[in-house]
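Chemist: Here is my input; please provide its structure:
(2 chains)
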There are 2 protein chains.
Amino acid sequence: MEHFSDRLAASVRARSSVVCVGLDPVLERMPPALVDEYRPQAAELGDDAAVAACFERFCRDVIAAVAGVAACVKPQAAFFEQYGAAGWRALAAVIACAHEHDLPVILDVKRGDIASTGAAYGRAAFGGAPGFTAPVAGLAADAVTASPYLGEDSLEPLVEHCATGRGVFILTRTSNPGAGLLQEVEVGGRPLYLRVADLVARLGAEHVGEHGYSDVGAVAGATSPGSLRLVREALPHAFLLVPGYGAQGAGADALAGIAAGDAAGYVVNASRSVIYAWQDGGGDHQRAAAAAAESMRSDLRDGL
Amino acid sequence: MEHFSDRLAASVRARSSVVCVGLDPVLERMPPALVDEYRPQAAELGDDAAVAACFERFCRDVIAAVAGVAACVKPQAAFFEQYGAAGWRALAAVIACAHEHDLPVILDVKRGDIASTGAAYGRAAFGGAPGFTAPVAGLAADAVTASPYLGEDSLEPLVEHCATGRGVFILTRTSNPGAGLLQEVEVGGRPLYLRVADLVARLGAEHVGEHGYSDVGAVAGATSPGSLRLVREALPHAFLLVPGYGAQGAGADALAGIAAGDAAGYVVNASRSVIYAWQDGGGDHQRAAAAAAESMRSDLRDGL
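Modeler: This next block holds a predicted model:
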């Protein structure tokens, strides 16, 4: 079974890109042509199914447009969950579409729960729930994001899936304004998020691929570059998933010094600045997304 | 708009019960009669849909059985998410069924994400996502559980829904063995979970109902009774959602001294020890669940 970290490293190298395109579909930012196409379905299918179909089409368009320049994609489950079962089905279809384009999928769910519940979240993301006749496929993501608040026993049920080629990115220092309240609390002279980084290192030690990266990585925001560097120091062998670039305000300089190994060792997420680029520049949403992703790739080539 | 906390308080008083029945359906523990009934559907509908239908039926049975003695129910989303869109649809049906029995529903999702993503999680749980013609209903839960690791700006989008009659239970000190790693870290002479409790108090101050309880409550485990009492001291006006009773090992004595106000101010969750009581005692799963819930109600009457 190929390691997740090796698939991601291979994709970074093949595309010479650390770009992770976040798929955060919201109705108010769908291109008018798609709205015109899917709005009529609401009467027949219901609003939930019509919007979910529109989101699926939009994400398929974006994936096709960025497939050559993005290392991976990161669908955010919340935007699909809003539309219930139809949204969930669209999410599964989007993940399958990314795989058709040979793009690893990091499912952004920030789950974290214990024992049998944690195991169920793992099977929801990666498949394997028991059926009457055969196991169920689940969302078939390549990796998930996870929240560490409940401790090690909430992360282990997800990390177990690394043995079958999956990955887990555990939140350390996130990119939002309120991140510091808990994450920056000082514990024995160090911020709490480094205690989490120690846990990431411990959980990931047994899951290292051919490229030297662990399948257990960390989420660390570019909006706090000093924290990002400390997370890298604590985790020299982890893939970092770095939000905060683009719409959230951080630039390429925030990444200085965090490259590690033969495939940068990080991917940088941008969602709105890529997928809604058509709103700034006008024109076709696919061409705008491709151009924005390419511009981001060029901006972030230093680690490669 | 009636406050969530008032609906929950009214239910506690009407049933003279602090029992919260956790709905954690797993295939390997479904009653044989239900398995026989739903297994044949797998060939036609697929394993995901057949299992989801079985779960829905099982949860409906449990809800009908405990409706007179439980104050509320707590479906755990993970067990439904494993079965994809079909599971999500079953979850929505289970929530609607609880409402038919006038039972408040605490949706256990432990979500936590920022800004637009947090808002999307709120709409997934409570409804209100924009549609082409009308807003989408979502899961229509009465309250959700939330994880505080990302800080205040990740909780605000959920707490906003308190203004329209919903509730939020924020994790403080959880009931699992690994809870201490982050939650017990000492900050200024106090454990981290009390810093979270302070945040719960702050977020909940503007959302207090007629019974004097806030719509923003806290999850605090009975497996650590000392912590539970400290959380209560920090949150005299919050409803506490207390896991850890029953299968996880804690007894009624762990709750000594935490009652507050005219409706106990807490609900105690038990999942497996109620819904799978038929496996211990044999016989009909509805009668066994009703008897287990009634026994738990009797055991926990001290706060009422």
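
Chemist: burial of A:Ala140, as a residue count?
Modeler: A:Ala140: 15 surrounding residues under other CB atoms under 10 Å in any protein chain shown. C-beta coordinates here come from the backbone N, C-alpha and C atoms, glycine included.

Chemist: got it, and A:Ala90?
Modeler: A:Ala90: 28 surrounding residues under other CB under 10 Å.

Chemist: A:Ala43 too?
Modeler: 11.

Chemist: and if you look at the one 3 residues further on?
Modeler: For A:Gly46, the number of neighbouring residues by other CB under 10 Å comes to 20.

Chemist: How about the contacts made by it?
Modeler: By CB atoms under 8 Å, 6 or more residues apart in numbering or on different chains, the residues touching A:Gly46 are A:Ala86.

Chemist: Now do it, the pLDDT please.
Modeler: pLDDT for A:Gly46: 98.

Chemist: Ok, A:Gly303 next?
Modeler: At A:Gly303, the model reports a pLDDT of 68.

Chemist: again with A:Val18
Modeler: So A:Val18 comes in at 98 (pLDDT).

Chemist: again with A:Gly281
Modeler: Reported pLDDT for A:Gly281: 79.

Chemist: State the distance from it to chain B.
Modeler: From A:Gly281 across to chain B, the span is 21 Å (CB to the nearest CB, to the nearest Å).

Chemist: what does A:Arg173 give?
Modeler: Distance from A:Arg173 to chain B, by CB to the nearest CB: 10 Å.

Chemist: A:Phe239 against A:Tyr213, yeah?
Modeler: Yes: using CB atoms under 8 Å, A:Phe239 is in contact with A:Tyr213, at 5.2 Å.

Chemist: hey, what's in contact with both of those two?
Modeler: Joint contacts of A:Phe239 and A:Tyr213 (CB under 8 Å, 6+ apart) are A:Ser5, A:Leu8, A:Ala9, A:Gly265.

Chemist: quick one, what contacts the first one?
Modeler: When contacts are counted by CB under 8 Å, 6+ apart, A:Ser5 touches A:Gly167, A:His207, A:Val208, A:Gly209, A:His211, A:Tyr213, A:Ser214, A:Asp215, A:Gly217, A:Phe239.

Chemist: What of the third one?
Modeler: Applying CB under 8 Å, 6+ apart, we find A:Ala9 in contact with A:Gly209, A:His211, A:Tyr213, A:Phe239, A:Gly261, A:Asp262, A:Ala263.

Chemist: Can you say which helix or strand has it in it?
Modeler: Following DSSP states H and E, one finds A:Ala9 within helix A:4-15.

Chemist: any idea how far the residue nearest to A:Arg13 when sequence neighbours are not counted is from A:Ser214?
Modeler: In this structure, A:Arg13 finds its nearest non-sequential neighbour in A:Ala263, 5.2 Å apart by CB to CB, 6 or more residues apart in numbering or on different chains. A:Ala263 is 13 Å from A:Ser214, where distance means CB to CB, to the nearest Å.

Chemist: First-to-last residue distance for stretch A:75-84?
Modeler: 16 Å (CA to CA, to the nearest Å).
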